[in-house]
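A.B. asks: structure here, sequence nowhere to be found:
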């Protein structure tokens, strides 16, 4: 069974971000039957995330969420856009995550906003973050502004959702990038041995 | 001599006391460290350690000088570091400083080495902060040879080569100060400790035990891998952090303002959450005993337990009261740790038992290689 974690960073209860997350999860289920999805809502972890940025370690329930992300085969990531970018809580969650936690994982990016003028925020804020973390980002990002929830935009949004989840489903079946988080220590062993056991004069 | 050592470690920080806004001067803090060290000896403790710092806001920049002064006023305690920087100090200077301290103190010097925790220190000493691990490996390999070999020919990347060099003085009785390697997050440091068969020190404060369990288990496995003994025979030291009063609620009430404003964890999680999630214990002597004894359940039986008490702006008078209370529970801690300790777990390293081990090895006709899991 393929496991996907959906991280949703909506800050109000019953947020449009959560709504979009649920739509993506439902659509992914239609694309591929063999997938179990768990939702991680960052609002519930807000204090834990801030504490972890100060102390350097995660509380048990934050650690549980981080462990689920690290163990997942793929991610759906949905955030509201504030002031042209993701909110601090969203970034802080990824700041407290191990650097190598999402290497090679397929990741679907989604965002909501109050205005269509934020529509490229996925491309200019989220994509670079996940490129840095060496994730395998789904080509189609799903952006939804207020307009997209109304009668005019709804059909186009539906199509974008299905297109993105189809791409995610396809990547989940594939061989990924061929990289995961396992390689770091061997590199050190070579350095260490070359110095510690190097030629003695 | 107890099989385990207990002591106090300090980072020598100049922190505002949040209850009255006062802050010690450098002079007062240095004198306070001497007073604390002498108190450790008075209450029956075994070790006093100070962490090297060069940032303003701290006083211990010249530890071997401080320790020589303390050694002259004490007779029994081991003087150690928490930690000394293997990355930025010249290995020759370290070899000579700490061998001198070893002679002057009568074999009461040992060292916890580490990378140091702030990148800005490196350029102050002419080093590149991106080379932390490489500097650690090369400098320690040289320090080791300077103590173990009378005449050293050496060439490396980070300092000028040495030709027929002898560091002075030679280690007391031909046995160097015992070395521990300390790290908070670097498994490479645990690997170095295992490779050389040295001790490994986990500071065991500020973070959950699971973090340190991973590092210590890794060190114990690698210690066996390199043929120094079984995982249980590896030499482990731990930090810890307490605030004690006879009455648990008094301890919590008195410590809370210091906790809430402390430099490392202040303005973050509550005292209650932090106690539940990290080795910190704020409470009665019995609670401190129980939480400390549990360390051996998590990390395996170990050799040295250090406590941080003089931090977060706590005044010297309070710190000395904490040490009096520690003195009262030390006999219980020693007895309980000894009672649970399986045969075959080595005693804490001292100069005397290391000289004896060296002599026994020289007298033995065959090189003893103890790697069986009997």
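C.D. replies: Looks like it came in fine. Just so you know, these numbers come straight off a predicted model, no measurement behind them. Numbers count the residues shown, from 1 in each chain, chains lettered A, B, ... in the order given.

A.B. asks: how about the residues of the stretch 201-350 of chain B by chain A?
C.D. replies: B:206-208, B:211, B:264-265, B:267-269, B:273-274, B:277-278 (C-beta under 8 Å from any C-beta of the partner chain). Backbone N, C-alpha and C define where each C-beta goes, glycine included.

A.B. asks: among those, name the buried ones.
C.D. replies: B:206-208, B:211, B:265, B:268-269, B:273-274, B:277-278 (16 or more other C-beta atoms under 10 Å in any protein chain shown).

A.B. asks: who touches the residue in the stretch 101-250 of chain B positioned nearest to chain A in this structure?
C.D. replies: Nearest residue of the stretch 101-250 of chain B to chain A (C-beta to the nearest C-beta) works out as residue B:153 at 4.0 Å. Neighbour list for residue B:153: A:201, B:161-165 [criterion: C-beta atoms under 8 Å, 6 or more residues apart in numbering or on different chains].

A.B. asks: so which residues of the stretch 1-150 of chain B form helices?
C.D. replies: B:26-42, B:63-71, B:91-104, B:121-124, B:132-148 (DSSP state H, counting those that start in this stretch).

A.B. asks: could you export those helices to a markdown table, including columns for mean neighbour count and mean pLDDT?
C.D. replies: Listed next are these as a markdown table, based on neighbours: other C-beta atoms under 10 Å in any protein chain shown; pLDDT from 0 to 100:
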| stretch | mean neighbour count | mean pLDDT |
| --- | --- | --- |
| helix B:26-42 | 18 | 98 |
| helix B:63-71 | 21 | 98 |
| helix B:91-104 | 20 | 98 |
| helix B:121-124 | 15 | 93 |
| helix B:132-148 | 22 | 96 |
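
A.B. asks: would a markdown table of those helices with distance to chain A be doable?
C.D. replies: Formatted as a markdown table, the helices of the stretch 1-150 of chain B follow (distance: least, C-beta to the nearest C-beta, whole Å):
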| stretch | distance to chain A |
| --- | --- |
| helix B:26-42 | 25 |
| helix B:63-71 | 26 |
| helix B:91-104 | 13 |
| helix B:121-124 | 18 |
| helix B:132-148 | 5 |
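
A.B. asks: and of these, who's closest to residue A:158?
C.D. replies: Nearest to residue A:158 among the helices of the stretch 1-150 of chain B is helix B:132-148 (51.7 Å), distances taken as C-beta to C-beta.

A.B. asks: direction included, what does the following helix or strand past that closest one pair up with?
C.D. replies: The first helix or strand that comes after helix B:132-148 along the chain, using DSSP states H and E, is strand B:152-154. Using DSSP bridges, strand B:152-154 pairs in its sheet with strand B:162-165 (antiparallel).

A.B. asks: avg pLDDT for the partner strand?
C.D. replies: The pLDDT scores in strand B:162-165 average 98.

A.B. asks: quick check: buried residues in that strand?
C.D. replies: So for strand B:162-165, counting by 16+ other C-beta under 10 Å, buried means residue B:162.

A.B. asks: low-confidence regions, chain A specifically.
C.D. replies: Applying pLDDT under 70 to chain A flags residues A:181-201.

A.B. asks: what about the residue nearest the centre of it? Give its phi and psi, please.
C.D. replies: Nearest to the mean C-alpha position of chain A, by C-alpha atoms, centre = their mean, lies residue A:77 at 3.9 Å. Main-chain torsions, residue A:77, degrees, to the nearest 10: phi -120, psi 120.

A.B. asks: chain B versus that one, what's the distance?
C.D. replies: The gap separating residue A:77 from chain B is 26 Å, by C-beta to the nearest C-beta, to the nearest Å.

A.B. asks: what does residue A:152 give?
C.D. replies: In terms of C-beta to the nearest C-beta, residue A:152 sits 47 Å off from chain B.

A.B. asks: hmm, back to that, what's the closest of the helices of the stretch 1-150 of chain B to residue B:115?
C.D. replies: For residue B:115, the closest of those is helix B:132-148, at 4.8 Å, according to C-beta to C-beta.

A.B. asks: and that closest one with helix B:91-104, angle?
C.D. replies: Helix B:132-148 runs at 50 degrees relative to helix B:91-104, counting by axes from the mean of the first three to the mean of the last three C-alpha atoms, to 10 degrees.

A.B. asks: and helix B:132-148, what does it pack against?
C.D. replies: Applying 3 or more C-beta pairs under 8 Å, 6 or more residues apart in numbering or on different chains; DSSP states H and E, one finds that helix B:132-148 contacts helix A:184-196, helix B:91-104, strand B:152-154, helix B:187-196.

A.B. asks: not counting residues beside it along the chain, what's closest to residue B:30?
C.D. replies: The shortest distance from residue B:30 to any non-neighbouring residue, by C-beta to C-beta, 6 or more residues apart in numbering or on different chains, is to residue B:59 (5.2 Å).

A.B. asks: residues in contact with that neighbour?
C.D. replies: With contact taken as C-beta under 8 Å, 6+ apart, residue B:59 is in contact with B:12, B:14, B:26, B:29-30, B:33, B:53.

A.B. asks: next, it: phi, psi?
C.D. replies: Torsion angles, degrees, to the nearest 10, at residue B:59: phi -110, psi -20.

A.B. asks: what's the pLDDT at it?
C.D. replies: On the pLDDT scale, residue B:59 gets 95.

A.B. asks: ok, back up a step: between the contacts of residue B:59, which is closest to residue A:152?
C.D. replies: Nearest to residue A:152, judged by C-beta to C-beta, of those is residue B:53 at 63.3 Å.

A.B. asks: tabulate the contacts of residue B:153 in JSON lines, adding columns for distance to residue B:289.
C.D. replies: Shown next, in JSON lines, are those (distance: C-beta to C-beta, whole Å):
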{"residue": "A:201", "distance to residue B:289": "52"}
{"residue": "B:161", "distance to residue B:289": "53"}
{"residue": "B:162", "distance to residue B:289": "50"}
{"residue": "B:163", "distance to residue B:289": "55"}
{"residue": "B:164", "distance to residue B:289": "54"}
{"residue": "B:165", "distance to residue B:289": "49"}
